[in-house]
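Novice: everything below, folded, please.
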Amino acid sequence: MAKGGQSAAEAFRVKPGSAVDLSAADPLAMPVGPRSRTSAGGDLERFAAELDQLQEALYAEGAGGGRRRVLLVLQGMDTSGKDGVIRHAVGMINPLGVHIASFKKPTPQEQRYHFLWRIEREVPAPGRIGVFDRSHYEDVLVVRVERLVPEAEWRKRFGEINAFEAGLAESGVTIVKCFLHISAGEQRERLLARLDNPAKRWKYNPGDLDARAKWSEYQRAYADALQQCGTEPAPWHIIPSDRKWYRNWAVARLLLETLRDLSPRFPEPEYDIEAERARLLANDPVR
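Specialist: Take a look at the predicted model:
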């Protein structure tokens, strides 16, 4: 449990079937957890060892034939911090057990297939933790706001996404979906910081201002996606993200709680431990 007795999952989770009003969600909220950057940093240091052990157990479980895996989906407006979460929260986990996929504008090849085709190819293997930097939700967000497909098409995709995620859950995938919620004012400051820092200018894209000009439309599109595709097997979590340190803490805590709930166990060996110990000692060339 997070401080105050409430889990991060409970604090940030969008209740399936409930209406979503992002204008009422405070990007500076701190419903649970630390109240300072220093305290959050201390928590992350404490999380690291447990996350590492749980991830290794999950990986070993998969190597032993288990089906279970975790998929962390990160969505948010430009500058909301998807890269930061991957670096500071997911970065505490052994990279050998992590699969990261970043979904940009579909390539000509990808556009020839169903919109979920490229997503299915990146679902993590058993024992792995997968991370989607953007995801299949781009196909009910960008295509809607930019009017790339008819309304009937993107509305149909809500049901297709729900069916897809339900199938993943049935196959052993635990889905953790996070909407990194920032304010328009905070986005402006982060974009300005990119322009002011020569080491960050490569991250600035003039096209970001085109999307920013449609802020209200994107907020409505996100609200609909969170409401239409927040299900029991794949709920959404709204992560207050104006404070970077709190955002990183929140996602790391969600990941830790998810792995704790899964409680992966190292598989029992199928060989006789004592017999193998005796063989090793009897045939040791060092002696």
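Novice: C-alpha only now, for contacts and for neighbours.
Specialist: Fine.
Novice: would you map the helices across the stretch 151-287 of the chain?
Specialist: Using DSSP state H, counting those that start in this stretch, the helices found in the stretch 151-287 of the chain span residues 151-170, 184-196, 207-212, 215-228, 244-262, 273-282.
Novice: export these to a markdown table and tack on mean pLDDT, mean neighbour count and distance to Arg46?
Specialist: Output for those, formatted as a markdown table (pLDDT from 0 to 100; neighbours: other CA atoms under 10 Å; distance: least, CA to CA, whole Å):
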| stretch | mean pLDDT | mean neighbour count | distance to Arg46 |
| --- | --- | --- | --- |
| helix 151-170 | 98 | 15 | 29 |
| helix 184-196 | 96 | 15 | 29 |
| helix 207-212 | 90 | 13 | 36 |
| helix 215-228 | 97 | 19 | 31 |
| helix 244-262 | 98 | 21 | 11 |
| helix 273-282 | 91 | 10 | 33 |
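Novice: how far off helix 215-228 does whichever strand or helix holds Leu72 point, in degrees?
Specialist: According to DSSP states H and E, Leu72 maps onto strand 69-76. Relative orientation of strand 69-76 and helix 215-228, computed by axes from the mean of the first three to the mean of the last three CA atoms, to 10 degrees: 150 degrees.
Novice: angle of strand 69-76 against helix 244-262?
Specialist: Inter-element angle recorded for strand 69-76 and helix 244-262: 160 degrees (by the same axes, to 10 degrees).
Novice: I'd like the next helix or strand past strand 69-76.
Specialist: Per DSSP H and E, the first helix or strand lying C-terminal to strand 69-76 is helix 82-88.
Novice: and whichever helix or strand comes after that next one, what other elements does it pack with?
Specialist: Using DSSP H and E, the next helix or strand after helix 82-88 towards the C-terminus is strand 98-102. The contact analysis (3 or more CA pairs under 8 Å, 6 or more residues apart in numbering; DSSP states H and E) places strand 98-102 against strand 129-133.
Novice: what strands flank the strand it packs on, and is each parallel or antiparallel?
Specialist: strand 69-76 (parallel), strand 98-102 (parallel) (DSSP bridges).
Novice: ok, and what's touching the last one?
Specialist: The set of residues external to strand 98-102 that reach it, using CA atoms under 8 Å, 6 or more residues apart in numbering, is Glu122, Pro124, Arg128, Ile129, Gly130, Val131, Phe132, Asp133, Arg134, Ser135.
Novice: repeat that with 7 Å
Specialist: The contact list for strand 98-102 (CA atoms under 7 Å, 6 or more residues apart in numbering) reads Glu122, Pro124, Arg128, Ile129, Gly130, Val131, Phe132, Asp133, Arg134.
Novice: quick check: buried residues in that strand?
Specialist: Val98, His99, Ile100, Ala101 (16 or more other CA atoms under 10 Å).
Novice: may I see the contacts of strand 98-102 arranged in JSON lines, with distance to Glu217, pLDDT and neighbour count as well?
Specialist: Below are the contacts of strand 98-102 laid out as JSON lines (distance: CA to CA, whole Å; pLDDT from 0 to 100; neighbours: other CA atoms under 10 Å):
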{"residue": "Glu122", "distance to Glu217": "29", "pLDDT": "98", "neighbour count": "16"}
{"residue": "Pro124", "distance to Glu217": "32", "pLDDT": "98", "neighbour count": "22"}
{"residue": "Arg128", "distance to Glu217": "35", "pLDDT": "97", "neighbour count": "27"}
{"residue": "Ile129", "distance to Glu217": "32", "pLDDT": "98", "neighbour count": "29"}
{"residue": "Gly130", "distance to Glu217": "29", "pLDDT": "98", "neighbour count": "24"}
{"residue": "Val131", "distance to Glu217": "26", "pLDDT": "98", "neighbour count": "24"}
{"residue": "Phe132", "distance to Glu217": "23", "pLDDT": "98", "neighbour count": "23"}
{"residue": "Asp133", "distance to Glu217": "21", "pLDDT": "97", "neighbour count": "19"}
{"residue": "Arg134", "distance to Glu217": "18", "pLDDT": "97", "neighbour count": "18"}
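Novice: I am finished for the moment; much appreciated.
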